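**Q** no sequence on hand, only this structure:
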């Protein structure tokens, strides 16, 4: 299990560094229903990662992801495909970055966060975790790594829990700061929000590229062995 956890730590860290979801929960916390909607957003985030990772564990279990404690060839192919997708996303993100980081703007959908119902806040958290162009490939890759590690199902579930918790640290940090500091947290969270907005494109492009190369390397290593 320790080896499996080590394999997914980098992927979990890549998911945790998600500027726009962090901005979204900071903005939600500043709304009249901030406590409720922020909590539900975080729950949706956790649920999305857990469901996507669990679905990959189920596919890996039925598809023979591990052969004699070695990843099956299809796991290598999957990681290659996901790596290529992330590399392409990196190029796209880099080309779309603003010429001046100070000119970066929030996506239009964030303007309605103050009007979200609790159910929609939950759904938004789920969507940004499980249907995100970066998070979905990384979570699928983590699930494939866990299912191909040749460990018992209870240990696979435990490893997935570790992945989800670490991958959620970025989103869980703002509510923790808000609870610990109260009204004083507004200044701290405002600084986080502004920096995340300004540097979102560059950070995402770098993460896409680095993690895409990692998955490409993993896939090549599996297929070559």
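**A** Cool, got the structure. The structure displayed is predicted, hence computed values, not measured ones. Numbering: from 1, shown residues only.

**Q** for this protein, name the helix or strand with the lowest mean pLDDT.
**A** Ranked by mean pLDDT, DSSP states H and E, the weakest helix or strand in the chain is strand 66-67, scoring a mean of 64.

**Q** and stretch 198-214, which residues are buried?
**A** Buried residues in stretch 198-214, counted by 16 or more other Cβ atoms under 10 Å: 198, 200-205, 207-209, 211-212, 214. Yep, even glycine has a C-beta here, placed from its N, CA and C like the rest.

**Q** now stretch 88-97
**A** 89, 90, 93, 97.

**Q** and those as TSV, adding secondary structure, pLDDT and distance to residue 135?
**A** Listed next are the buried residues of stretch 88-97 as TSV, based on DSSP: H, G, I helix; E, B strand; the rest coil; pLDDT from 0 to 100; distance: Cβ to Cβ, whole Å:
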residue	secondary structure	pLDDT	distance to residue 135
89	helix	85	11
90	helix	86	15
93	helix	79	14
97	coil	70	20
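
**Q** elements contacting the longest helix anywhere in the chain?
**A** In the chain, with assignment by DSSP state H, the single longest helix is helix 185-224. Counting contacts by 3 or more Cβ pairs under 8 Å, 6 or more residues apart in numbering; DSSP states H and E, helix 185-224 packs against helix 2-16, helix 19-29, helix 73-95, helix 135-147, helix 169-181.

**Q** where in the chain is pLDDT low?
**A** Across the chain, the ranges flagged by pLDDT under 70 are 62-69, 98-106, 182-185, 187, 192, 197, 199-200.

**Q** which positions within whatever helix or strand residue 154 lives in qualify as buried?
**A** Assigned by DSSP states H and E, residue 154 belongs to helix 153-167. Neighbour counts over helix 153-167 (16+ other Cβ under 10 Å) mark 155, 156, 158, 159, 160, 162, 163, 164, 166, 167 as buried.

**Q** return the member of those residues nearest to residue 58.
**A** residue 156 (10.3 Å; Cβ to Cβ).

**Q** I'd say the closest one and residue 147 touch.
**A** Yes - proximity of residue 156 to residue 147 meets the contact threshold set by Cβ atoms under 8 Å, at 6.4 Å.

**Q** mutual contacts of these two, please.
**A** Taking Cβ atoms under 8 Å, 6 or more residues apart in numbering as the criterion, residue 156 and residue 147 both touch residue 57.

**Q** so for this protein, the centremost residue is which one?
**A** Residue closest to the average C-alpha location in the chain (Cα atoms, centre = their mean): residue 15, at 2.8 Å.

**Q** could you find the closest non-adjacent residue to that residue?
**A** Once flanking residues are discounted, residue 15 sits nearest to residue 167: 3.7 Å by Cβ to Cβ, 6 or more residues apart in numbering.

**Q** from residue 18, how far out is the one you found?
**A** 9 Å (Cβ to Cβ, to the nearest Å).

**Q** and for these two, which residues touch both?
**A** Common neighbours of residue 167 and residue 18 (Cβ under 8 Å, 6+ apart) are residue 135.

**Q** contacts for the helix holding residue 154, please.
**A** Contacts for helix 153-167 (Cβ under 8 Å, 6+ apart): 1, 4-5, 8-9, 11-13, 15-16, 46, 49-50, 53-54, 57, 61, 135, 138-139, 142-143, 146-147, 149, 151.

**Q** what does stretch 121-131 give?
**A** Residues outside stretch 121-131 that contact it (Cβ under 8 Å, 6+ apart) are 15, 18, 20-21, 24-25, 28, 36-38, 40-49, 51-52, 116, 135-136, 139, 171.
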